[in-house]
Structures are given as C-alpha cells and as structure tokens.
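Sharing a sequence plus its predicted fold:
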Amino acid sequence: MQIPVVAGKGRGRTALSAFDAALSDCGVLNYNLIRLSSVIPPGTTVFELDRACAPPHEHGDRLFVVMAEQRSTKPGRAIAAGIGWYQWQGGRGVFVEHEAEGASTVEVEAEVLDQIYASLRDLCETRRVDFDGLRAGWRLASAEVGEEPAAVVVLSVYGAERW
C-alpha cells in the first residue's frame, strides 16, 4: 500500500469555502472525506506528494484520509496544520494530526511540530516501540489570515471507493 501526504491552503468568503479551496489546492476536491484515526497498515510506504490527482469519474466518491485542518476568520492571525508519521517493523506505524492558531506563522508551525513529536513519542510508547525522532516524518501547511478567511489542510490519502 502507498499513502501520499498532501498539503494545501485556501482563502474564501467564509471559513468553509476557504477549506474547500484548500482541498482543491491538495487535489482532492469533489470527494466525500471519510476521516480515519491513526494506524498505518503493514507493508505501507508513506511519502509526500505535491498534489493528488483526482480522476473526474471519482466525483462524489468516498476518500479515506487522516486529516489535520485549521480554519480562521481572524485577520492578522496565523494558522497551521500538520501530520506526522512514524513507521517500524514491516512498514506498520502511526499517524498523528495537530492544528494551531496564533500570532505568527513561526509560532504556530513550532507548536504543531512540537505536538507532532510529543504525540508520536507517546503512541510509540503505548505500543512498546522505540522512538527515534530522526526517523519521524511530518508535513505542515500554514497561512496568515488576511481580510478573507483562510484554511490549511494536510491529508494522508488512503484511497477512494465508490458508493
């Protein structure tokens, strides 16, 4: 199995339309998102991808994802979302997702990254897996909120399925 991790940001007249624009930026517009928890199956390769490519015939299909997303309507604020992952024996592993809103992009990115590493450590400890922070993967998206609402999203895309 292969799981790409994509990230996007968007703006709109509302926080919801900004989120829709962020999904478009990721290349996963027109799906019904089914949110998964955090488990990576054995034999999986996780990798970063600039943008997913949704075939037109999948319009309205279910898309299984682990998702981190943050929206804001507050001008002058910064937002960030991120997903981290850690894999061990046989490709099995875990995803974690975190979001933040704050005064600056540097602040919210640092907060999300700190939370990702803390959660990965804890999830590994619960599973009795040694954690090596240098082997952890992560992907962030961040934006500054202007006059229009903004949204950021990071998705681990497991795959699509028809209804």
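In hand now; what should we look at?

part of a helix, is residue 57?
Yes - remark: residue 57 belongs to a helix, assigned using DSSP: H, G, I helix; E, B strand; the rest coil.

Do a quick rundown of the strands in the chain.
For the chain, strands defined by DSSP state E occupy the ranges 2-11, 32-35, 39-40, 45-48, 62-72, 78-87, 93-102, 137-144, 150-161.

right, and those strands - which one's nearest residue 24?
Comparing these against residue 24 with CB to CB, the closest turns out to be strand 2-11 (6.7 Å). Just so you know, the C-beta spots here come from the backbone N, C-alpha and C atoms, and that holds for glycine as well.

which other helices and strands contact that closest one?
Contacts defined by 3 or more CB pairs under 8 Å, 6 or more residues apart in numbering; DSSP states H and E place strand 2-11 against helix 15-26, strand 45-48, strand 137-144, strand 150-161.

can you tell me which of these comes nearest to residue 95?
Of all those, strand 150-161 sits nearest to residue 95, with 5.4 Å by CB to CB.
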